[in-house]
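Engineer: have a look at this prediction, sequence included:
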Amino acid sequence: MDLFRKKTGMLPHGENGTTDHLKRTMGAFDLTMLGVGCIIGTGIFVITGKAAAENAGPGLMISFVIAGIACVLAALCYAELSSTVPAAGSAYAYSYIVFGEILAWVLGWDLILEYGVAAASVSSGWSAYFQGLLAGFDIHLPLALTAAFDSAKGTIIDLPAVCIIMLITLLLSLGAKETARFNFVMVCVKVGVVLLFIGIGIFYVKPANWTPFLPYGFSGVLSAAAIVFFAYLGFDAISTAAEEVRNPQRNMPIGIISSLAICTVLYIAVSVVLTGMVPYTQLGVNDPVAFALRFIHQDFAAGLISVGAIAGMTTVLLVLLYGQTRLIFSMSRDGLLPVFLSKINPKTQTPIRSTWLVGSIIALASGFFPLHALTNLTSIGTLFAFAVVSVGVIVLRKRRPDLKRGFTVPWVPLLPLLSALVCVGLMLQLHISTWIGFIVWLLLGLLIYFFYGYHKSLLNRKS
């Protein structure tokens, strides 16, 4: 049994002889907007408040610096591999060539969890903001339709969450270029709102609110850094788009690094202003940015923040579902998942079946099950993928120094090793329950691989 058989070609459709490949329509600007669309969202509008109140206090700004540094290191590694292996599937595709099939499957299965839980969780947050906006107009949904099933509260299904997932699925089925255009409009709205918050809030900052600066100690800062990693899934999602990018050797590194730079600066600025406006003990709310503006009696601006949050989480959902569908498309095309999921619609050039399957499953999950408690699984999954990709740069440099690279990480192996170590260090800050859930998910994936994927793999058919 050869568990470490590797792909030899760089593009999957060249590797397996199929004609199922995606249309190249996106440039560097589209990729940057895609990254900003996914990174700026729940992290700013939801996670910042709770991370400050429960973990880091005003030291949250250091948490974002630490998370940002870890992401910069990982982003450099992603930039090199995505410009070397311009194929759909992100860390899964890279691992298939660098490490072999078994680790590629583990990474793919990890990313399925990462994107799925993140999308379901964000859709619940979107629903809460949307219902709050409706309440401002004195419109209220029936209680049974406002949240996931909870017999004690009388709720049955989170209808707004289901509806937004299905609408985004419809948009994704229309094509990558149409998706990019919609994403651009929404990104402009939410970045404008974030800048509005910073512009207003900076005049209400009270340095006294930054004392004590580290109420939970530096360990709290590290814990918060691990938690806010949930917000940085975006540039991983960019790498799933490689097969739909014009000149990926040039455009992938630009998209990954520029989107990360923009978002890290915004995250740090928001955390500085937020914790300076409101005592950190009062930030444990679901809408901390809007709450901060209400705290200083800027109610109109708080309403605009709610609109921006809805736009922000819409683009996050868009990119998460996009990444999930491209990942499943890639794994299916390799035979590790049922092959019908890699069929391309000849008109839209999109993987229509995997798109609707992913959308339907996530819509049902977000509608009926309270998954917000599982968001830390997204953080651990992201960190694991980043660590493996970082090591992959070192291995591929050694094994295939001849490959054309559109971007190269400086100071190899030092920087990739540092990236992997930082990611593992942040993983160790997460609660044991998160580790248990993560390990159970990976074990389930291995069972599926040994009973199905290994035997159906295209590489198995060739051997």
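Structural biologist: All right, it came through fine. Residues are numbered from 1 along each chain as shown.

Engineer: number of nearby residues for the closest residue to Gly453 other than its chain neighbours?
Structural biologist: Closest residue to Gly453 apart from its sequence neighbours, by CB to CB, 6 or more residues apart in numbering: Leu336 at 4.1 Å. (Each C-beta comes from the backbone N, C-alpha and C, glycine too.) When neighbours are defined as other CB atoms under 10 Å, Leu336 has 27 of them.

Engineer: so Leu336 is in contact with Phe450, correct?
Structural biologist: No. Assessed by CB atoms under 8 Å, Leu336 is found out of contact with Phe450, at 11.6 Å.

Engineer: follow-up on the earlier one: quick one, what contacts the residue nearest to Gly453?
Structural biologist: When contacts are counted by CB atoms under 8 Å, 6 or more residues apart in numbering, Leu336 touches Glu101, Trp105, Gly108, Tyr449, Gly453, Lys456, Ser457.

Engineer: who's in contact with the fourth one?
Structural biologist: Tyr449 makes contacts with Ile102, Trp105, Trp109, Leu336, as judged by CB under 8 Å, 6+ apart.

Engineer: got any ranges where the chain has weak pLDDT?
Structural biologist: 9-22, 42, 88, 230, 233-235, 371-374, 462-463 (pLDDT under 70).

Engineer: closest to Ala231 out of the contacts of Tyr449?
Structural biologist: Relative to Ala231, the closest of the contacts of Tyr449 is Trp109; by CB to CB it sits at 22.6 Å.

Engineer: leaving out sequence neighbours, find the closest residue to that closest one.
Structural biologist: Gly445 (3.4 Å).

Engineer: repeat that for Leu320.
Structural biologist: Nearest non-adjacent residue to Leu320 (CB to CB, 6+ apart): Ala119, at 4.3 Å.

Engineer: pretty sure the one you found sits in a strand.
Structural biologist: No. Judged by DSSP: H, G, I helix; E, B strand; the rest coil, Ala119 forms no part of a strand; its state is helix.

Engineer: ok, it - contacts?
Structural biologist: Contacts here follow CB under 8 Å, 6+ apart; on that basis Ala119 touches Ile165, Leu317, Leu320, Leu321, Gln324, Ile362, Ser366.

Engineer: let me know the closest of these to Thr240.
Structural biologist: The shortest gap between Thr240 and any of the contacts of Ala119 belongs to Gln324, at 8.3 Å (CB to CB).

Engineer: OK, contacts around that closest one?
Structural biologist: Leu111, Ile112, Tyr115, Gly116, Ala119, Val358, Ile362.

Engineer: of those residues, just the buried ones, ChimeraX syntax please.
Structural biologist: Selecting only the buried entries of the contacts of Gln324 in ChimeraX, with 16 or more other CB atoms under 10 Å as the criterion:
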select :111,112,115,116,119,358,362
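
Engineer: widest-spaced pair of the contacts of Gln324?
Structural biologist: Leu111 and Ile362 (14.0 Å).

Engineer: sec struct for the residue nearest to Gly453, please.
Structural biologist: Leu336 ends up coil, using three-state DSSP.

Engineer: next one: the one 10 residues further on
Structural biologist: Here Pro346 takes the coil state, with states given by three-state DSSP.

Engineer: phi, psi of it?
Structural biologist: Main-chain torsions, Pro346, degrees, to the nearest 10: phi -60, psi -20.

Engineer: tell me how far it lies from Trp435.
Structural biologist: 45 Å (CB to CB, to the nearest Å).

Engineer: returning to what we had before: same list (the contacts of Ala119) but as a markdown table, adding secondary structure and distance to Leu195.
Structural biologist: Formatted as a markdown table, these follow (DSSP: H, G, I helix; E, B strand; the rest coil; distance: CB to CB, whole Å):
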| residue | secondary structure | distance to Leu195 |
| --- | --- | --- |
| Ile165 | helix | 28 |
| Leu317 | helix | 22 |
| Leu320 | helix | 24 |
| Leu321 | helix | 27 |
| Gln324 | helix | 30 |
| Ile362 | helix | 31 |
| Ser366 | helix | 30 |
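
Engineer: of all those, which two lie farthest apart?
Structural biologist: Using CB to CB, the pair of the contacts of Ala119 lying farthest apart is Gln324 and Ser366, separated by 13.0 Å.

Engineer: return the residues in contact with Val358.
Structural biologist: Gly116, Thr169, Leu321, Gln324, Thr325, Ile328.

Engineer: nearest to Phe213, of those residues?
Structural biologist: Among the contacts of Val358, and counting by CB to CB, the member closest to Phe213 is Gly116, at 36.8 Å.

Engineer: quick check, that closest one in a helix?
Structural biologist: Yes. The assignment for Gly116 is a helix, going by three-state DSSP.

Engineer: gap between it and Asp110?
Structural biologist: Taking CB to CB, one finds Gly116 at 11 Å from Asp110.

Engineer: one step back: got phi/psi on the residue nearest to Gly453?
Structural biologist: Dihedral angles (degrees, to the nearest 10) for Leu336: phi -80, psi -20.
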